[in-house]
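> Model the following, please.
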Amino acid sequence: MRAELQAIVDRLLASSAASGEVQLDEVGEAIGARAITTPEIEAILDALDAAGRRLVGPSGGAGEDRLKAVVAAARTLTASLGRKPTVAEIAGESGLTEAEVRHALALVKVMQR
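Predicted structure coming up:
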């Protein structure tokens with residue numbers, strides 16, 4: 001894992017020591033506008049999980065709506081590009097911000113567990 005991503009994991013672990021929970025929004029905010037791949041997002045989430053943290057999504061339907069938009073955009077782009085799209089490409093296609101796309105991808109990772 002890149003040093004800057006490990007630093008993100010370390011900050012999230014430190015800030016969640018008392019509660020044992022990390023909000024997915026916190027992960028997205030910590031990543032910010034950094035160029036990061038889907039496997040790197042997965043590595044961050046895996047590191048948090050391995051440290052015993054529970055990943056928590058937002059309440060309400062916004063996360064689910066974004067997830068649907070991200071999945072639809074990713075499928076469209078994969079078909080047209082012939083490869084896995086980047087976060088920036090998915091954001092452009094879906095009309096979401098890159099942070100919202102990362103959040104949706106993190107939600108997918110949590111749901112796959």
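
> Give the buried residues for stretch 28-35.
Going by neighbour count (16 or more other C-beta atoms under 10 Å), the buried part of stretch 28-35 is 28, 30-31. The C-beta positions use only the backbone N, C-alpha and C, and glycine is treated the same way.

> a markdown table please, covering those and showing distance to Gly92.
Listed next are those as a markdown table, based on distance: C-beta to C-beta, whole Å:
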| residue | distance to Gly92 |
| --- | --- |
| Gly28 | 18 |
| Ala30 | 23 |
| Ile31 | 18 |
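
> can you tell me which of those are in helices?
Per DSSP state H, helices hold the following members of the buried residues of stretch 28-35: 28, 30-31.

> Quick check: of these, which lies closest to Thr97?
Within these, proximity to Thr97 (C-beta to C-beta) peaks at Gly28, which comes in at 9.3 Å.

> Give me the distance between the residue lying farthest from the centre of the chain and Ile41.
For the chain, the residue at maximal distance from the C-alpha centroid (C-alpha atoms, centre = their mean) is Ser80, at 23.2 Å. Going from Ser80 to Ile41 by C-beta to C-beta, to the nearest Å gives 23 Å.
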